[in-house]
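# quick one: sequence and predicted model below, then my questions.
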Amino acid sequence: MGEITRFGVSLPSELIGAFDEKIKAMGYENRSKAIADLIRNSMVESAWKSGKGEVVGVVTLVYDHHTSDVVNKLLELQHEAKIDIYSTMHIHLDHHNCLEILAIKGPPAKIKSLADAAKSVRGVKHIGLTITINMK
């Protein structure tokens, strides 16, 4: 990490009191780390909403592998997505259900497109998407 810069912030006492309670409940030891995380979260949200740049993340899919052609359709979507898929993990949850985890990187619009397309595949029960950006 780079050089640390100190700065002052003026806030109403009620707001800082509520903030202190919240961050204590979340396990933060100090305001600096909590504020840094808020700033990073805002940057990730802005990157996602603007559609600019690249995001990295994880797509999780739960699907019934007995549904006709579901695996082939999901593989085809991954190959056509035009994003980087760094790794996949396949877990057998039970006799019917599988969990697929994809580590991905690419433009927000293409990642959203992949997730949306996968949701519509017959046999897919749930999709989760967690994204972040490369903090330099």
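Received it, and whenever you're ready, just let me know what you need.

# distance from the helix or strand residue 88 falls within to the middle of the chain?
Following DSSP states H and E, one finds residue 88 within strand 84-92. Chain-centre distance of strand 84-92: 15 Å, with C-alpha atoms, centre = their mean, to the nearest Å.

# please compute how far stretch 113-123 lies from its chain's middle.
Offset of stretch 113-123 from its chain centre (C-alpha atoms, centre = their mean): 16 Å.

# now swap in stretch 111-128 and tell me
14 Å.

# which of the residues in the helix or strand of the chain with the lowest mean pLDDT are buried?
Using mean pLDDT, DSSP states H and E, the weakest-scoring helix or strand in the chain turns out to be helix 31-50, at a mean of 90. Residues of helix 31-50 classed as buried: 34, 44, 47-48 (neighbour count, 16 or more other C-beta atoms under 10 Å). Using the backbone N, CA and C atoms, a C-beta is placed for each residue, glycine as well.

# summarise which helices and strands that helix is packed against.
helix 13-25, strand 55-64, helix 108-119, strand 124-132 (3 or more C-beta pairs under 8 Å, 6 or more residues apart in numbering; DSSP states H and E).

# tell me which of those lies nearest to residue 91.
strand 55-64 (9.6 Å; C-beta to C-beta).

# so which elements touch the closest one?
By 3+ C-beta pairs under 8 Å, 6+ apart, strand 55-64 packs against helix 31-50, helix 70-80, strand 97-106, helix 108-119, strand 124-132.

# again, 10 Å this time
Based on contacts counted as 3 or more C-beta pairs under 10 Å, 6 or more residues apart in numbering; DSSP states H and E, the elements that strand 55-64 packs against are helix 31-50, helix 70-80, strand 84-92, strand 97-106, helix 108-119, strand 124-132.
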